[in-house]
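Need the 3D shape of this:
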Amino acid sequence: MSRVKTVHRCQECGAGAARWAGRCGGCGAWNSLLEELDVPAAGPKARPRGRLDPAVPLAEVVADASGARPTGLPELDRVLGGGLVPGSVTLLGGEPGIGKSTLLLQMLAAVAATGARGLLVSAEESAEQVRLRAERLGAALAGVWVVSETELTALGAAVDDVAPGLLAVDSIQTVFDAELDSAPGSVAQVRHCAHRLVRLAKERDLATVLVGHVTKEGALAGPRVLEHVVDTVLSFEGDRYHALRLLRAVKHRFGATGELGVFQMGEAGLTAVPDVAALFLADRRPGVPGSAVVPALDGRRPLLVEVQALVTAKQLAVPRRSAEGVDAGRLALIAAVLHERCGVRLAERDVYALAAGGVRVVEPAADLGLALAVASAHSGVALPPDMVACGEVGLGGELRRPAQLDRRLAEAGRLGFPRAIVPTSAPDPPTGMAVVRAATLAEAVATLGLAVGPPCTPP
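Next up, the predicted model:
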């Protein structure tokens, strides 16, 4: 009897090793090698091709730019550049409980409403659980088919029986091929099943959506080849304590990756949020010290976000710099610049900052708004309620112009903010908007009456 050969394979990159080691030699990950049976995937052997496809001039290649078909969910179609392309494979990743299965079910119901069939391969839930969720969401049941199956061959048979226009697999980590002896979710199984499903989608011109698990760091679990073989990688983000959900395209072979889809989770599932500023600024209280409105830019979509700050006497020997929704490193940098360049004494103060509404604002363009919010909280003087602030702060206290400032100011003007404080190099504002230009952060703080002391002088 021949002895079964085993191999230790990295769960992060898929590299193999003859024996276990604490660190993967391929990607350097620690404690990621697991023992698997080294069984090659069954299937027909590749035959040498007698004649390759001839090369053709690129100008003569016919490209169909209108191949995308709308899904019926406007925010999803915005991110996908019009909809799902037949034969494409989309990987949807996100944290557990964020709403991936809900989005998948609403997508299938919307596609079924157009007359096409949708097939949900529910590898993690039973058909009864899916039915209960569909009734709770009010999703259309006609035209949506479901099969609780995890074996790859049976999955292909279900596709043959239903002949769907959209195939959704929830999730790829639970699908396995019985011809492989590796456990479901292993690198070998995920890689093999992903390749088989991609080939199935291309052969049948079938739009396919795969749900993928994520690691505790937020990256997609499994081998990196999983992201390479699919056409589109979508990231579904949000805070489970807030209703806001953000959908981004990390990779998209059929369009740009700069669009952002915004949803709100409710009792009836996910609803589109076409006017994001109304959601972020709905509960804002003008005239409160420590509040500033920042015209942020997420991809190509401008967002108006309220940044709040609170300055209190320190409770420990070392002052705290606590940030939620904003970059903690930028907050510490801004606090140091305010102390050294603007006379805002924060050495004996705790500083708390957050972006209201559950959104994250980590771009440098929010530096000026965050700095003015901290200075306002420290001085007790509120910022003008009809003014936005946008600019990057340097270590020397200088203000730098952020990217696409004209688009940010145009969105602020559209939403009823007639004034803005910006760097001196900012372009001309849109019609009806007045700007206050400042070369340094100290000048901006002094202009708004937020300074409480002279700037520190270097020794």
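
Regarding A249, what is its secondary structure?
Three-state assignment for A249 (DSSP: H, G, I helix; E, B strand; the rest coil): strand.

ok, for it, nearest residue in space, not its chain neighbours?
Leaving aside its sequence neighbours, A249 sits nearest to T257 (C-beta to C-beta, 6 or more residues apart in numbering; 4.5 Å). The way it works is simple: take the backbone N, C-alpha and C, and place the C-beta from them, glycine included.

what pLDDT does that neighbour get?
As predicted, T257 sits at a pLDDT of 86.

Provide a list of residues in contact with it.
By C-beta atoms under 8 Å, 6 or more residues apart in numbering, the residues touching T257 are 248-251, 299.

Mind doing that once more with 7 Å?
249-251 (C-beta atoms under 7 Å, 6 or more residues apart in numbering).

cool, and E306?
Neighbour list for E306: 280-281, 284, 291, 293, 356 [criterion: C-beta under 7 Å, 6+ apart].

For it, what is the enclosing helix or strand?
Element membership for E306 (DSSP states H and E) is strand 301-313.

And the next helix or strand past that strand?
Later in the chain than strand 301-313, the nearest helix or strand by DSSP H and E is strand 321-324.

Most neighbours of all the contacts of T257, which one?
Neighbour tally across the contacts of T257 (other C-beta atoms under 10 Å): the maximum, 23 neighbours, falls on A249.

Next, work out how far apart that residue and V233 are.
Between A249 and V233 the computed distance is 7 Å (C-beta to C-beta, to the nearest Å).

and the residue nearest to A249, how far is that from F263?
Relative to F263, T257 is positioned 18 Å away (C-beta to C-beta).

Repeat that for H252.
The value you get for H252 to F263, if C-beta to C-beta is used, is 18 Å.

got it, and A426?
33 Å.

What of L120?
Counting by C-beta to C-beta, the gap from L120 to F263 is 19 Å.

Run a quick neighbour tally on E149.
For E149, the neighbour count with other C-beta under 10 Å is 17.

sec struct for it, please.
Following three-state DSSP, the label given to E149 is coil.

Look up the pLDDT of it for me, please.
Looking at E149, the pLDDT reads 84.

does the nearest residue to it once chain neighbours are set aside count as helix, strand or coil?
Ranked by C-beta to C-beta, 6+ apart and with sequence neighbours excluded, the top spatial neighbour of E149 is L155, at 5.6 Å. Following three-state DSSP, we place L155 in the helix state.

The closest residue to E151 other than its chain neighbours: neighbour count?
Leaving aside its sequence neighbours, E151 sits nearest to A178 (C-beta to C-beta, 6+ apart; 5.8 Å). For A178, the neighbour count with other C-beta under 10 Å is 10.

Can you tell me how far A178 is from S148?
The gap separating A178 from S148 is 17 Å, by C-beta to C-beta.

A292 now?
Here A292 is placed at a distance of 51 Å from S148 (C-beta to C-beta).

okay, these two: which has more neighbours?
The neighbour count for A292 versus S148, taken as other C-beta under 10 Å, is higher for A292 (28 against 15).

Check what pLDDT that one gets.
pLDDT, A292: 96.

tell me which element it is part of?
Using DSSP H and E, A292 sits within strand 291-298.

buried ones in that strand?
291-298 (16 or more other C-beta atoms under 10 Å).

Stretch 89-96 now?
Neighbour-count burial for stretch 89-96 flags 89-95 (criterion: 16+ other C-beta under 10 Å).

for G266, phi and psi?
phi -140, psi -170 (degrees, to the nearest 10).

Can you tell me who it pairs with across the strands?
G269 (DSSP bridges).

Could you shift the numbering so residue one becomes 46, and keep it that way?
Done: numbering now begins at 46, and the last item shifts to G311.

Tell me how many other residues crowd it.
So G311, with other C-beta under 10 Å, has 10 neighbours.

what pLDDT does it get?
Note for G311: predicted pLDDT of 87.

do you know how far it is from L450?
Relative to L450, G311 is positioned 35 Å away (C-beta to C-beta).

Please, where are all the strands along the stretch 46-195 of the chain?
Ranges of strands in the stretch 46-195 of the chain, per DSSP state E, counting those that start in this stretch, are 51-55, 61-62, 78-82, 134-139, 163-167, 189-192.

Can you say which of those strands is nearest to H287?
H287 lies closest, by C-beta to C-beta, to one member of the strands of the stretch 46-195 of the chain: strand 134-139, at 14.4 Å.

so what strands line up beside the closest one?
Here strand 134-139 has these sheet partners by DSSP bridges: strand 252-257 (parallel), strand 277-283 (parallel).

Most tightly packed of the ones you listed?
strand 252-257 (a mean of 26; mean count of other C-beta atoms under 10 Å).

And R54, how close does it get to L78?
Distance from R54 to L78, by C-beta to C-beta: 7 Å.

Of H297 and F308, give the one with the bigger neighbour count.
Ranked by neighbour count (other C-beta under 10 Å), H297 and F308 place F308 first, with 24 against 20.

Could you say which helix or strand holds the more buried one?
Element membership of F308, judged by DSSP H and E, is strand 305-311.

residues of that strand that come out buried?
Of all the residues in strand 305-311, those buried under the rule 16+ other C-beta under 10 Å are 305-310.
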